[in-house]
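J.: Got a predicted model here, sequence first, then my questions.
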Amino acid sequence: MGIISRGFGGRRRTAEDARVPPGQYLTDGFPVLSAGPTPRVTEEDWRFSITSEAGDTVTWTWEEFLALPQERPHTDIHCVTRWSKLDTEWTGVGLDTLLESVDTAADFALAYSHGGYTTNLPLEDLAGGQAWVVHAFGGEPLAPEHGGPARLLVPHLYFWKSAKWIKGVRLLDHDEPGFWEQAGYHPYGDPWREQRYWGD
Amino acid sequence: MPGHWRPAVLVGARAESPTARTLVLKAEEGWPGHRPGQHVDVRLTAEDGYTAQRSYSLAAPAVGDTVEITVQRVPGGEVSPYLVDEMAEGDRLEVRGPLGGWFVWDPASTDPVALFGGGAGVVPLMCMVRARRAARSRALFRLVYSVRAPDGLLYRAELRERAPGDAGLDVFLAYTRTAPEGTPRAPARVGVADVNTHGLPAEFGPMCFVCGPTGFVEAVADALVALGHDPGRIRTERFGASGGPR
Amino acid sequence: MTEYLDANALAGALSEVFSVDLTSSWRRCSVCGHTGAFAELHVYTDCPGQVARCPSCQTVVLRLVRSGDTLWLDLGGTGCLRVELR
């Protein structure tokens, strides 16, 4: 070990709580993480698309999206930068609902966003009541810095998988690494197994 | 090689304001010297091996293996409260540097220089002022220093009572919230008028160095461009709320 | 507005990999043709790594991820650099 700075404790890192994955600490705030400028997308211009592996695309406008059955997931979120936030409340449409309109046998999905961000997931992680496209947080419209008008929410994986400013999902036969997955982060990202980096 | 971590020991410290402190650090295995405007990364290691790292501008030319940084305490911060409030003489940390070859002033240059510092953004600019004095440079220098209130002023005495080598240096203090009584300029953020009045005219072709929080840097850089300065002569260094990369 | 830093902020991390200071190099963007100092790239650090973008077209110039003694460096959008080997 290198030079110790006497009296330096650092922010205590880990929370002792069965709801908090290893290596995480709890925060009451909602840190804003962003790898680029915040896209400004109006509800008027907003579209959400799912494209199947055969190339068929289904698209929803904002109005059509809000007319779908709305769910209110109550969940904990875990960011790979080591903060976790408990009991967050969201409003949005389940991916199960959206995927009903698509004929697919794909194994993988690549979510893509305004601003160029992408992230990859196995399709089965988007199904089964585990993933939503959400447009409200704590009962308020989702703020642009948190991904508004709408973001992906996949709370059982590290939060970089919950792509902000989501524009659509491409369904694929093969796994295609996204923005952070190309640059050292884990292709799957399970916080309970601490799958932070490529190789973990 | 600047890329490796060097052990350093605190050999002196000065309070610059109620929330800022200058640390005098001796690099125990030597220091290669640095150019005014460069920064260092500082790494702290706790007894359990946990580390935290931040970037700080060098505040003065090196004296042998001794360097100075000035640290502003960030409320709720992880590193700056330790450096400002806890660290005592004889305590150690690691530094990496000198770093950055872009935001630097060349003491051999005779070109006029306009410096704009917002808050702790004055630190690398002070290094340039001090290097100018040390080099007996006669380059025309203007420093516009934006500060919230009088008690936040860094290097107060040194900026007020100009050293003999500081002929040709002009300093303008722009208070943004509270100004001392009798200050003609009402407290306000630095704008085009301040840059125009207290900087240097674009016709002089000065090198412009702008350092501070993002909002300050953008406002001053935009003002300089609007006043006809060559964008290629404007060098900026923004710092985030956390005081450095996390 | 999302805050970014100047690419001066990357000097320390890059100094671990490169023996010359890349932040004072000159860059030509292969996407938009913009030329300028590497130090003028916009760097986003409030994210799982560090991301530098072209100040003109916002294309991702580099991505840097750090974990302990391992560093991942994606230079996919760098374009051409002119580096002074002093």
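T.: Received the coordinates, thanks.
J.: which residues does the residue nearest the centre of chain C contact?
T.: The centroid of chain C falls nearest to C:A52 when counting by Cα atoms, centre = their mean (4.6 Å). By Cβ atoms under 8 Å, 6 or more residues apart in numbering or on different chains, C:A52 lies in contact with C:A7, C:L10, C:L41, C:H42, C:V43, C:Y44, C:V60, C:V61, C:L62, C:R63, C:L64. Backbone N, C-alpha and C define where each C-beta goes, glycine included.
J.: partner residues bridging it?
T.: The bridge-partner assignment for C:A52, based on DSSP bridges, gives C:V43, C:L62.
J.: What ranges in the chain fall below the confidence cut-off?
T.: Assuming you mean chain A. A:1, A:12-13 (pLDDT under 70).
J.: let's do chain C instead
T.: Using pLDDT under 70, the flagged stretches of chain C are C:1-2.
J.: Tell me where it has strands.
T.: C:5-6, C:26-28, C:35-37, C:42-44, C:50-53, C:60-67, C:70-74, C:80-82 (DSSP state E).
J.: Name the residues of chain C found near chain A, please.
T.: C:1-2, C:4, C:44, C:46-49, C:51, C:53, C:58, C:60, C:63-65, C:67, C:70, C:72, C:74 (Cβ under 8 Å from any Cβ of the partner chain).
J.: count of residues packed around A:P69?
T.: The tally of other residues near A:P69 (other Cβ atoms under 10 Å in any protein chain shown) stands at 8.
J.: cool, and A:P191?
T.: Counted with other Cβ under 10 Å, the neighbours of A:P191 add up to 23.
J.: And it, how far from A:E181?
T.: Plainly put, A:P191 is 15 Å away from A:E181 if you go by Cβ to Cβ, to the nearest Å.
J.: Could you do B:L200 as well?
T.: 49 Å.
J.: for A:V80, same thing?
T.: A:V80 is 11 Å from A:E181, where distance means Cβ to Cβ.
J.: Looking at the two, which is more packed in?
T.: Neighbour totals were compared for A:V80 and A:E181, and A:V80 leads with 26 against 22 (other Cβ under 10 Å).
J.: ok, now which ones touch that one?
T.: For A:V80, the contacting residues are A:Y158, A:F159, A:W160, A:Y185, A:G189, A:P191, A:R196, C:P48, by Cβ under 8 Å, 6+ apart.
J.: buried set for stretch B:190-200?
T.: For stretch B:190-200, burial by neighbour count (16 or more other Cβ atoms under 10 Å in any protein chain shown) applies to B:V190, B:D194, B:V195, B:H198, B:G199, B:L200.
J.: Contacts for that stretch next, please.
T.: B:112-114, B:116, B:118, B:140, B:142, B:144, B:146, B:170, B:172, B:174, B:176, B:185, B:206, B:208, B:216, B:219-220, B:223-224, B:226-227.
J.: Could you do stretch A:26-46 as well?
T.: A:15, A:17, A:20, A:61-62, A:65, A:79, A:81, A:83-86, A:113-117, A:137, A:144-146, A:149-150, A:159-160, A:164-165, A:179, C:1-2, C:4, C:44, C:46-49, C:51, C:53, C:58, C:60.
J.: Would you mind giving me the PyMOL syntax to select the buried ones in the residues you listed?
T.: Filtering the contacts of stretch A:26-46 down to the buried ones (16+ other Cβ under 10 Å) takes a single PyMOL command:
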select buried, (chain A and resi 15+20+62+65+79+81+83+84+85+113+114+115+116+117+137+144+146+149+150+159+160+164+165+179) or (chain C and resi 2+4+44+46+47+48+49+51+53+60)
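J.: The lowest-mean-pLDDT helix or strand in chain B: how far from the chain's middle?
T.: None of the helices or strands of chain B scores lower by mean pLDDT, DSSP states H and E than helix B:156-160, at a mean of 91. A distance of 14 Å separates the centroid of the chain from that of helix B:156-160, by Cα atoms, centre = their mean, to the nearest Å.
J.: swap in stretch A:34-54?
T.: 13 Å.
J.: how long is it end to end?
T.: Start-to-end span of stretch A:34-54 (Cα to Cα, to the nearest Å) is 32 Å.
J.: Pull out the buried positions in it.
T.: A:S34, A:A35, A:G36, A:T38, A:P39, A:V41, A:W46, A:F48, A:I50, A:T51, A:S52, A:E53.
J.: And the furthest pair within those?
T.: The span of those, defined through Cβ to Cβ, is set by A:T38 and A:E53 at 31.5 Å.
J.: for chain B, what are the nearby residues on chain A?
T.: Counting by Cβ under 8 Å from any Cβ, chain A comes close to chain B at A:1-11, A:13, A:81.
J.: Of the residues you listed, which is the most crowded?
T.: Neighbour tally across those (other Cβ under 10 Å): the maximum, 26 neighbours, falls on A:S5.
J.: and the closest residue to that residue other than its chain neighbours, which of the three is it?
T.: Nearest residue to A:S5 in three dimensions, chain neighbours excluded: B:L44, at 4.4 Å (Cβ to Cβ, 6 or more residues apart in numbering or on different chains). Recorded secondary structure, B:L44: strand (DSSP: H, G, I helix; E, B strand; the rest coil).
J.: so what's the residue nearest the centre of chain B closest to, chain neighbours aside?
T.: The centre of chain B sits closest to B:V123, judged by Cα atoms, centre = their mean, with a distance of 1.5 Å. Distance criterion Cβ to Cβ, 6+ apart; nearest residue to B:V123, sequence neighbours excluded, is B:S57 at 4.3 Å.
J.: Name all residues that make contact with that neighbour.
T.: For B:S57, the contacting residues are B:G37, B:Q38, B:H39, B:I69, B:T70, B:V123, B:P124, B:C127, B:C211, B:E237, by Cβ under 8 Å, 6+ apart.
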